[in-house]
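Predicted model and sequence below, questions to follow.
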Amino acid sequence: MTAVETQMTYNTSYTIQHESTYMTQEEDWDRDLLLDPAWEKQQRKTFTAWCNSHLRKAGTQIENIEEDFRNGLKLMLLLEVISGERLPKPDKGKMRFHKIANVNKALDFICSKGVKLVSIGAEEIVDGNVKMTLGMIWTIILRFAIQDISVEETSAKEGLLLWCQRKTAPYRNVNVQNFHISWKDGLALCALIHRHRPDLIDYSKLRKDDPISNLNTAFEVAEKFLDIPKMLDAEDIVNTPKPDEKAIMTYVSCFYHAFAGAEQAETAANRICKVLAVNQENEKLMEEYEKLASELLEWIRRTIPWLENRVAEQTMRAMQQKLEDFRDYRRVHKPPRVQEKCQLEINFNTLQTKLRLSNRPAFMPSEGKMVSDIANAWKGLEQVEKGYEEWLLTEIRRLERLDHLAEKFKQKCGMHEAWTAGKEELLSQKDYESASLMEIRALMRKHEAFESDLAAHQDRVEQIAAIAQELNELDYHDAATVNARCQGICDQWDNLGTLTQKRRDALERVEKLWETIDQLYLEFAKRAAPFNNWMDGAMEDLQDMFIVHSIEEIQSLITAHDQFKATLPEADKERMATISIHNEILKIAQTYGIKLSGINPYTNLSQQDINTKWETVKHLVPLRDQMLQEEVARQQGNERLRRQFAAQANIIGPWIQTKMEEISHVSVDIAGSLEEQMNSLKQYEQNIINYKSNIDKLEGDHQLSQESLIFDNKHTNYTMEHVRVGWEQLLTTIARTINEVENQILTRDAKGISQEQLNEFRASFNHFDRKRNGMMDPDDFRACLISMGYDLGEVEFARIMTLVDPNNTGVVTFQAFIDFMTRETAETDTAEQVMASFKILASDKNYITVDELRRELPPEQAEYCISRMTRYIGADAAPGALDYISFSSALYGESDL
């Protein structure tokens with residue numbers, strides 16, 4: 001308790017106020033309202049009896065509590081008896097100012113014992129104010145009869161209540177929750193007496209429905225055998241809806257002091273049980289950590305080889321199945337392992353905190369199972385995982401390109417082979433040797449037309465060779481077949497060139513022998529051939545395969561197609577002009593009676609061929625329109641998917657970043673208590689968990705995008721990988737932050753550190769945490785200690801650094817700072833305290849027996865000690881004696897069991 005200001009003012013008022021929680025103004029006394037008459041009656045009787053129980057030691061007593069204390073003499077005598085100290089000599093006069101002086105001496109003495117008085121004045125006591133007199137006596141009772149009660153780290157009212165609950169717990173029909181209605185039936189008082197003196201009351205014969213009898217029994221036994229005067233009336237307690245709490249507490253405190261001597265052995269046993277329970281719990285946490293770490297590392301070991309397998313499949317279907325298996329791993333198999341990893345870190349931190357708080361050695365996991373080992377293994381897993389996904393997407397793009405090129409290669413090869421069919425046999429003929437003049441001329445012109453056609457098809461052969469080369473460069477699985485077919489086409493093309501040149505040479509040799517040529521046939525052939533080639537090219541373009549990835553690309557194809565359609569009117573004019581030549585031939589033949597063979601000697605093309613191909617071109621144009629519009633619709637759908645994914649990702653990404661910043665602010669906020677921080681963090685955690693549906697929806701949109709083969713998105717900088725990593729970091733951060741606050745609460749409660757002290761520690765740490773990263777370097781830490789009043793030399797500071805930075809990391813974390821300050825400001829259990837407790841149980845012997853352990857400790861803790869204590873080998877050893885000294889030392893790492 002800190003120093004208490006004592007204020008003494010004559011002819012002014014005092015109010016009862018104390019720093020300890022056992023006495024607060026709103027709980028103990030309502031200064032502004034009148035007492036309930038029933039409560040006032042109970043308090044008069046109880047407080048009078050309590051005062052007389054002490055005054056009789058001085059050979060006197062009081063009859064009327066407000067009258068007998070008016071002159072201050074008996075009040076001063078009462079304080080001397082209960083405190084064992086001498087007060088100043090009282091004034092002997094009988095005048096009012098003599099009485100006020102005596103009362104003020106008593107009030108000053110109360111103030112000197114750590115109680116600040118405001119609103120209770122000596123004049124009110126001298127005037128016989130009942131309410132103020134009862135309030136003053138209650139203050140004296142709290143200070144000298146209740147304040148020093150301490151049970152398991154609780155004191156005063158809470159300690160007395162806990163003591164009553166522990167003592168009456170085994171008794172039926174007894175449930176002590178307060179100091180009023182819990183005592184109305186008298187069973188609680190009888191249970192307290194029976195617990196310590198079972199020979200005085202037969203508890204089994206008591207009945208809950210007879211409270212007056214129960215209360216009178218307790219009062220009579222306490223007065224006769226325990227020297228506790230009767231302070232209450234059974235009828236007043238039973239007939240009052242809520243008995244006066246102060247009267248009950250005053251009377252019950254007498255039982256506590258009467259039975260205090262019997263508590264020593266129980267306290268010693270409780271201390272041992274507490275120490276052993278902590279040790280057992282720590283061992284269980286260690287085993288759970290080892291098991292969980294082994295399982296997680298084994299899973300990582302089994303998963304990495306699967307992700308490192310880069311054997312590519314030959315078909316798109318097989319690679320899509322690999323991608324689906326990877327998505328299943330991401331959605332189903334990995335998330336539980338992420339939670340296990342997070343839980344493993346939380347368990348490790350909690351275990352280390354509990355070990356530090358219980359003054360035990362730090363836990364060192366098995367080799368290869370440290371948190372850092374697991375973090376490194378996890379980092380390796382994520383690196384392999386990222387590489388595997390990139391490889392999958394690259395392979396899918398490659399196979400998509402290969403399928404397109406292979407189909408295009410087959411189409412162009414088919415068209416070329418159809419065109420070259422029979423050309424070698426035609427070029428090898430020697431029909432010009434027996435042909436007529438007209439036939440020779442026709443053969444010459446026909447050959448020229450063929451050469452023109454041959455040159456027009458050179459571009460197609462080059463395209464086929466280029467496609468074959470690209471298929472080889474992309475490692476097409478059936479490259480051998482492609483190469484063989486391409487080589488056959490190239491060899492055939494070279495042969496066609498050679499045969500064409502040979503036939504031309506032959507025709508030129510005989511051309512001089514012939515004079516006439518049919519200009520109209522020639523003109524038809526010349527105009528029909530390029531038009532026919534144009535139609536062939538148009539049909540090839542209209543049937544050409546295409547692959548695009550954006551609206552812009554398909555729009556460019558539509559624009560080119562619209563330009564092509566714009567040339568159709570001119571092409572139709574060219575067709576009509578070509579057909580008109582053929583019509584002129586027919587007109588001339590009809591006019592001059594020429595008999596035609598029906599075959600143009602200069603070309604194989606006929607009017608029917610031109611018209612048929614023209615109709616084919618017109619038929620293919622709307623089909624091409626339909627294909628382009630379908631692709632437009634598909635690309636528009638892909639664009640919607642991109643925008644849909646981007647809209648969510650642009651919200652979720654900043655949301656995750658904002659939450660990370662908010663959590664970091666909460667973790668260093670010193671405005672509220674740790675419980676308020678915990679509630680705030682729990683609320684953040686629940687909000688994050690509730691936000692999981694948005695992540696799942698984004699995963700669904702991402703899957704739709706990948707299924708549609710969408711691999712880029714210009715509308716957002718966030719990828720699904722960014723969101724996944726951010727989400728996992730957010731979950732891990734909130735869990736770690738909650739665990740740090742839980743450890744701080746555990747430290748505060750275990751070490752008896754107040755919230756104000758923790759806030760002071762946090763404020764000091766934040767002030768010297770200049771980088772605002774939750775850590776101080778050694779120079780800042782030294783400055784922080786000096787600011788808190790530490791006189792540090794180099795040797796002392798080096799010793800402190802070994803405590804707060806045992807691994808020589810060069811920084812001091814907030815948790816290490818809190819641990820150091822709690823060790824400096826709070827007491828902890830020590831091996832010497834445990835040894836002293838065992839010595840009490842062993843009746844001051846240097847050893848303890850199995851029977852004594854089983855008699856004094858609960859069965860589980862007793863067997864735990866028996867299984868771990870070594871045999872005592874001292875000269876005074878008895879049969880079966882156990883060494884509790886070495887056992888106590890081992891609990892705190894000072895020796896080996």
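Happy to help now that I have it. Numbering: from 1, shown residues only.

pLDDT on the host helix or strand of Asp453, on average?
For Asp453, the host element (DSSP states H and E) is helix 437-456. The average pLDDT within helix 437-456 is 80.

Of all the residues in that helix, which ones are buried?
439-451, 453-454, 456 (16 or more other Cβ atoms under 10 Å). All C-beta atoms are positioned from the backbone trio N, CA, C, and that covers glycine.

try stretch 160-175
Quick answer for stretch 160-175 (16+ other Cβ under 10 Å): Leu160, Leu161, Leu162, Trp163, Cys164, Gln165, Lys167, Thr168, Tyr171, Val174.

about what we covered before: what packs against the following helix or strand past the helix holding Asp453?
Counting by DSSP H and E, the next helix or strand C-terminal to helix 437-456 is helix 458-473. Using 3 or more Cβ pairs under 8 Å, 6 or more residues apart in numbering; DSSP states H and E as the contact test, the elements touching helix 458-473 are helix 371-420, helix 479-511.

what does stretch 712-720 contact?
Contacts with stretch 712-720, where a contact means Cβ atoms under 8 Å, 6 or more residues apart in numbering, come from 549, 642-643, 645-647, 649-650, 652-653, 698-699, 702, 705.

for the stretch 51-200 of the chain, which spans come out with low pLDDT?
117-118, 153 (pLDDT under 70).

Do a quick rundown of the helices in it.
Secondary structure of the stretch 51-200 of the chain (DSSP state H, counting those that start in this stretch): helices located at 65-68, 73-83, 96-112, 122-126, 130-141, 156-168, 187-196.

quick one: which of those helices is nearest Trp534?
helix 156-168 (102.9 Å; Cβ to Cβ).

what two of the buried residues of stretch 160-175 are the furthest from one another?
Maximum distance among the buried residues of stretch 160-175 (Cβ to Cβ): 17.6 Å, for Leu160 and Tyr171.

I figured Lys230 was touching Ala218, is that so?
No - in this structure, Lys230 is not within contact of Ala218 by Cβ atoms under 8 Å, at 9.7 Å.

And the two? Which one has more around it.
Using other Cβ atoms under 10 Å, the more surrounded residue of Lys230 and Ala218 is Ala218, with 29 against 16.

Which one, of the helices and strands packed on helix 458-473, ends up nearest to Glu832?
Nearest to Glu832, of those and by Cβ to Cβ, is helix 371-420 at 33.3 Å.

Leu162 is in contact with Glu152, correct?
Yes - Glu152 is within contact range of Leu162, at 6.4 Å (criterion: Cβ under 8 Å).

re earlier: from the contacts of stretch 712-720, keep the buried residues only.
By 16+ other Cβ under 10 Å, these give Arg642, Phe645, Ala646, Ala649, Ile652, Gly653, Leu698, Glu699, His702, Ser705 as buried.

quick check, the second one in a helix?
Yep, that's Phe645 we're talking about. Yes - with DSSP: H, G, I helix; E, B strand; the rest coil as the criterion, Phe645 is assigned to a helix.

quick one, what contacts it?
So Phe645 contacts Leu698, Asp701, His702, Ser705, Asn713, Thr716 (Cβ under 8 Å, 6+ apart).

got it, and the fifth one?
Contact criterion Cβ under 8 Å, 6+ apart gives Asn694, Ile695, Leu698, Tyr718, Val723 as the residues in contact with Ile652.

Could you save those residues as CSV and add columns showing secondary structure?
Converted to CSV, the contacts of Ile652 look like this (three-state DSSP):
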residue, secondary structure
Asn694, helix
Ile695, helix
Leu698, helix
Tyr718, coil
Val723, helix
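
looking at those, which has the most residues close by?
Busiest of the contacts of Ile652 [other Cβ under 10 Å] is Leu698, holding 23 neighbours.

Find me the pLDDT at that residue, would you?
85.

What is the most widely separated pair among the contacts of Phe645?
Among the contacts of Phe645, Leu698 and Asn713 lie farthest apart (Cβ to Cβ), at 12.2 Å.

coming back round to it: ok, of the contacts of stretch 712-720, which one's closest to Ile212?
Using Cβ to Cβ, those come closest to Ile212 at Ile652, 70.0 Å.

Sketch out the low-pLDDT regions of the stretch 501-650 of the chain for me.
In the stretch 501-650 of the chain, residues with pLDDT under 70: 509-518, 585, 588-598.

Find the helix or strand that the residue nearest to the spatial centre of the chain is a member of.
By Cα atoms, centre = their mean, the chain has its centre lying nearest to Leu731, at 2.1 Å. Leu731 is part of helix 720-751, with elements assigned from DSSP H and E.

that older thread, restricted to helices, list the buried ones among the contacts of stretch 712-720.
Among the buried ones among the contacts of stretch 712-720, DSSP state H puts Arg642, Phe645, Ala646, Ala649, Ile652, Gly653, Leu698, Glu699, His702, Ser705 in helices.

what about the second one, distance to Ile651?
Just to be clear, that refers to Phe645. 11 Å (Cβ to Cβ, to the nearest Å).

Show me how this protein divides into domains.
Per the record, the chain has its domains at 37-264, 275-402, 529-636, 651-662+684-736, 756-802, by the TED database.

ok now the fourth one, how far from the chain's centre?
Averaged C-alpha coordinates place domain 651-662+684-736 at 13 Å from its chain's average position (Cα atoms, centre = their mean, to the nearest Å).

Also the third one?
Here the centre of domain 529-636 is set off from its chain's centre by 67 Å, with Cα atoms, centre = their mean.

end to end, how far does that domain reach?
41 Å (Cα to Cα, to the nearest Å).

same question, the second one
Between the opening and closing residues of domain 275-402 there is a gap of 72 Å (Cα to Cα).

sorry, back to before: tell me the one among the contacts of stretch 712-720 nearest to His196.
Ile652 (65.3 Å).

now the closest one: how far from Ile688?
12 Å.

same question, Trp163
Counting by Cβ to Cβ, the gap from Trp163 to Ile688 is 44 Å.

Likewise for Glu295?
Relative to Ile688, and taking Cβ to Cβ, Glu295 is found at 26 Å.

So which of the two has more stuff around it?
Ile688 (20 against 13).

Give me the secondary structure label for that one.
Applying three-state DSSP: Ile688 is helix.

my guess is it contacts Ile734, does it?
Yes - at 5.9 Å, Ile688 counts as touching Ile734 under the criterion of Cβ under 8 Å.

any shared contact partners between these two?
Lys659.

what number of residues lie near Gly497?
14.

Same question for Lys322.
Considering only other Cβ under 10 Å, Lys322 is surrounded by 18 other residues.

tell me the SS of Asn279?
Asn279 - assigned by three-state DSSP - is helix.

Who are the contact partners of it?
Ser358, Arg360, Tyr864, Leu891 are the contacts of Asn279 under Cβ under 8 Å, 6+ apart.

So what's the residue count around Thr500?
Neighbours of Thr500 (other Cβ under 10 Å): 17.
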